[in-house]
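Undergrad: Have a look; sequence and predicted model below, questions after that.
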Amino acid sequence: MTEVLLHQLHDHLKSLRFQASLLALLLFFAVNGTLYMLKTDRVDHEVERLEAESSRRYEQVDDLSSAVSNVYSLRLGPLGTEFIAEGGSNWFADSGFVSPATGRGVTSIDRRGATNNWMDRFEVLDWALIARVVLSFLAIVLAYDGLSGERETGTLSLLLTHPISPVRILVGKFLAHLLALLAALVLGMLVSLLVLSLSQSIILSAEVAAAAGFFAVGCTLYCALFLLLSLGVSALARTSASSLVILVLVWAVLIVALPQAAYLIGAHAVPAADWDRLDDHEEEIAASLSRKGILLRGREKGRGDDYSLEREWAARMVESEKVEVQMQRGFQDLETRQYELTRRMALLSPGSAFQGTIEAMLGTGVVRHSAFVSATWQYLDTLRDFIRARDAADPGSPHILFVADYVSDQPVDHRDIPRFAGLDLSFADSVGQGWLSVSLLLLEALAAFFFATWAVLRAPVVMRS
Amino acid sequence: MIWTLARKELLSNLLTLRLGITFLFAVGLIALTSIIGSMDFSQRAADYDDRVRDVRHDLEKATVFAEVGPHVVARPDPLSIFSRGVDRNGGQFVWIGIDWVGASMGRLGSADNNLMKSLVEIDFVAVVMLLLSFLAVVLGFDAVCGERESGTLRQLLTNPVPRGAVIWAKLLGGTISLCLPLIVAFGLAVLIITVNPDVDLGSMEWLRLGLLLLLSCLFLAQVFAMSLVVSTHTRSPSTSLVICLFGWLFLNIGFDSALPSLSRYGVQENTFQQFLDELRAERDEAIAQWEANNPPPPDRYMRAIEVGGPRIRYGHPRGYEWRARRNAYALEQHLDSARRGHQFQMVNYAPLAREVELVDEWAILSPFTNYRALSKQLARSTLAHKFRLRQAGHDYRDTYIDYLRGHGAFASRRWFTDDPVDQEPLLTDPESLTPEMLASDSPFMQARMAWVQDQETLAAADSRRQLDLTSMPRFGVDWREPLSQTLRHMTPGLIVLFLLLGGSTLLAIHGFLRYDPQ
């Protein structure tokens, strides 16, 4: 087995095909490094601007009333491993807006970082894309004649005269291909890392190293799948050429066509969120309150009847807010569901399973997005708790909670306001999101192994005429 | 002679498994994109109808000039079902008013799901570019070297056929066998789309669709010819296939995924927002300055009843006179600040537009992206085409403002009130009123408010309050690009397409003349 491995490895390193593949990978990774170098400049500048805007919103607060009416902007900073898996970070929301005021307690999320809406949708050339499309393609190109080639030249029957089982030959060949391909991949990764760290776009931290490690593990599984598939087909195919045609067609359908078809179905299977309804509801409530003469009169005027109108107003607003929160969460849920359904349908393609695995391992993608959405809601509670506690400490306050001008008029130092702590995304969350992708990928690799074994055992040793 | 050979090529191609599998997938995918594109189109048509109805309704309801907003709405283009481009992203709505000249256009319908933006959506052109071009490679790579390997090439060449004719026959046969699935899929897509009652295809649209089909056939012929070149210059089909596939991977998927990112991050963008706020503050300050120099009459002359939006009624003529004078100044300020805001915005939008343009300009470097860029031109879904709508909207705004000026609308009380000249005001003799009487809960004011209620019923039936907009210019130009101009824009891409097709054919013939069939 080791001999087969070494022999094959030696053959590879000399072959034009392998050298072309290596060159292709290096080229793709170099382009990736350059792109993200350009992008990081842009993003750094943006992050600075948005962080400043976010702090300014905190600094506006000087008393409890302004703390109530203020709109806080929460920032979801860049992850730092986007060059490995972009995970939607170019399009997903990166800011949240939260106001504790009653009736306004609907958090919203938005994309504030620069996007170009005129641009056709496009996939950014990250490592995951390179692996998903290029690496799988190279695996096929390297291994499509693994057995059929030897049969054509007649060396297969020679090989089988040795006292080793065909399965061992398969495993030897497979490992040789895998090692060669992974070596090329690692070289490519290093090129990208080199470009990025020389340009100071990233800092080579333990986090980046771990992410790169995860990526390499995912790639190993994914490569194994395509190598075993290729070797299996090559054992069964009549000629090397027909083996390649079959494999590449399968590749085009699995990697290119299926995920795109999934978009079409996923995007239309779930109804679009009707955001206008939310605005309509707000207008309706405002109109109905003013029709009934329930209004805010100002702190002094209301004191006479112990703020009966204001209390009524606040109670109505709390009810209305409940409806709005339900609507908003429903819409957010709908959007996530639409996206998740699309991704799940795309899992028919091993490329998507690989993408899902990498995104889950790196804690990016829709996992991160959902975590951000729920973090904005949690932060709203934190803010309200803070205001409630401050207000309770002041006996002179009318205690109409979360209505500006009807809470304590004590000053508030904006530094005391609890800040948004960022995301606390545990590994368990990622696994919870990605288990389907990971297990599918594992299963597919395993199935490919059995297929290849079966194919080798029943493969003809000599060429059929 | 060529026909006999071509027919043989065609028949042998049609029987292969590769063609069968790809054909099924291509037709299935194209049917899927067409059905979903057609559903999507109906939704967009409904959004368009809604918005047009709203604009028309607002115009009919308007009784003062301040309420008039003859916004321009563009009908969705059915050709975009075939090649999506920026037909949706680019916006379909030009806001026409005093305050604002948009550098971009508004979008119809509800907001998009940001999550979905990270995924790629396909259309007819994408299926041709990805799947059928792949079929062209798979059919072409072994056309010559495969026949050499199986030995049939020698047989073929024992016949008295000129070698050039063999290549022509292969090209013809291959192209026809590629165009057959294309035409079937295209016919199916057209059928699906014409079944939709919302889709209304004019004769120009049919012509453009026909040209799109022709372009797609030429594109496939070009890819096929390019793989023939490889096939006539290699000995074994395996080498040929590896070269063809690497070429396909780099030029198609590789170039296509690097191009938008390169142009996106290679163009310097500006950040703005604050400037627009400053501009508005400056405008408001100028108006406040004017008000300080030309103080309004006392408050009791300014009292009026607001009836929905910018319209007021039952004010005193003296107050009205002052307001009209103020408007004559203030509205010019608004126009000026809108103009400057637009100039500033254009500076900021130009890099974004440049990014999109660059993607289409550099597309010429790869035959695959070149095909897509050309299709977008034909389907009128490029950003440049969207900007024609924006320009037409801006031109229309100019005529609209000329019309307002011509009617003296800015300095007229008709800008803010529909009161007839003999309308009795809320406060007929303001000088005689004491501050107590003017308080909102005084018996006097209560009585006057009851009077207002009666007047409102009268006003509803008063035809003099109608605003006569019959002479107002309406937006009616056909802003869409004429076909001759589209073809002119397509010229560089088409030249590249024909050069590649012709050059590849010649190279293939040249290679085959020296090809050793042994």
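TA: That came in fine, so what should we check first? Residues are numbered from 1 along each chain as shown, chains lettered A, B, ... in the order given.
Undergrad: Contact residues of the stretch 301-450 of chain A facing chain B?
TA: A:Glu335, A:Thr336, A:Gln338, A:Tyr339, A:Thr342, A:Val366, A:His369 (Cβ under 8 Å from any Cβ of the partner chain). No exception for glycine: its C-beta is placed from N, CA and C like everyone else's.
Undergrad: Keep only those of the residues you listed that are in helices.
TA: The helices, defined by DSSP state H, take in A:Glu335, A:Thr336, A:Gln338, A:Tyr339, A:Thr342, A:Val366, A:His369 from those.
Undergrad: Pick out the most distant pair among the residues of the stretch 301-450 of chain A next to chain B.
TA: A:Thr342 and A:His369 (13.7 Å; Cβ to Cβ).
Undergrad: tell me which parts of the stretch 251-400 of chain B are close to chain A?
TA: Taking Cβ under 8 Å from any Cβ, the part of the stretch 251-400 of chain B that reaches chain A is made up of B:253-254, B:257-258, B:260-262, B:264-266, B:269, B:271, B:352-353, B:355-356, B:359, B:383, B:386.
Undergrad: and A:Ala448, what does it touch?
TA: A:Ala448 is in contact with A:Ala224, A:Leu225, A:Phe226, A:Leu228, A:Leu229, A:Gly232, counting by Cβ atoms under 8 Å, 6 or more residues apart in numbering or on different chains.
Undergrad: Closest to chain B out of these?
TA: Set against chain B, the nearest of the contacts of A:Ala448 by Cβ to the nearest Cβ is A:Phe226 (14.1 Å).
Undergrad: nearest residue to that closest one other than its sequence neighbours?
TA: Distance criterion Cβ to Cβ, 6 or more residues apart in numbering or on different chains; nearest residue to A:Phe226, sequence neighbours excluded, is A:Ala139 at 3.7 Å.
Undergrad: what helix or strand is that neighbour on?
TA: According to DSSP states H and E, A:Ala139 maps onto helix A:136-143.
Undergrad: Check what contacts that helix and list those residues.
TA: Residues from elsewhere that reach helix A:136-143 (Cβ under 8 Å, 6+ apart): A:12, A:17-18, A:21, A:24-25, A:173, A:177, A:180-181, A:184, A:222-223, A:226-227, A:229-231, A:234, A:244, A:247-248, A:251, A:255, A:350-351, B:242, B:245-246, B:249.
Undergrad: which sections of the chain are below the confidence cut-off?
TA: With no chain named, the answer covers chain A. For chain A, the stretches with pLDDT under 70 are A:1, A:114, A:461-465.
Undergrad: you looked at the wrong chain, it should be chain B
TA: B:1, B:110-111, B:270-274, B:308.
Undergrad: Show me the residue at the heart of it, geometrically.
TA: In chain B, the centroid-proximal residue (Cα atoms, centre = their mean) is B:Asp87; its distance is 3.0 Å.
Undergrad: show me the contacts for A:Ala216.
TA: A:Leu182, A:Leu185, A:Val186, A:Met189.
Undergrad: Which residue, neighbours along the chain excluded, lies closest to the residue of the stretch 251-400 of chain A found nearest chain B?
TA: As assessed by Cβ to the nearest Cβ, chain B sits closest to A:Tyr339 within the stretch 251-400 of chain A, at 3.9 Å. Leaving out its chain neighbours, the residue that sits closest to A:Tyr339 by Cβ to Cβ, 6+ apart is B:Leu115, at 3.9 Å.
Undergrad: isn't the one you found right up against A:Arg337?
TA: No. B:Leu115 lies out of contact with A:Arg337 (Cβ atoms under 8 Å); the separation is 9.8 Å.
Undergrad: Show me which of the two is the more surrounded one.
TA: Comparing B:Leu115 with A:Arg337 by other Cβ atoms under 10 Å in any protein chain shown, the one with more neighbours is B:Leu115, at 23 against 16.
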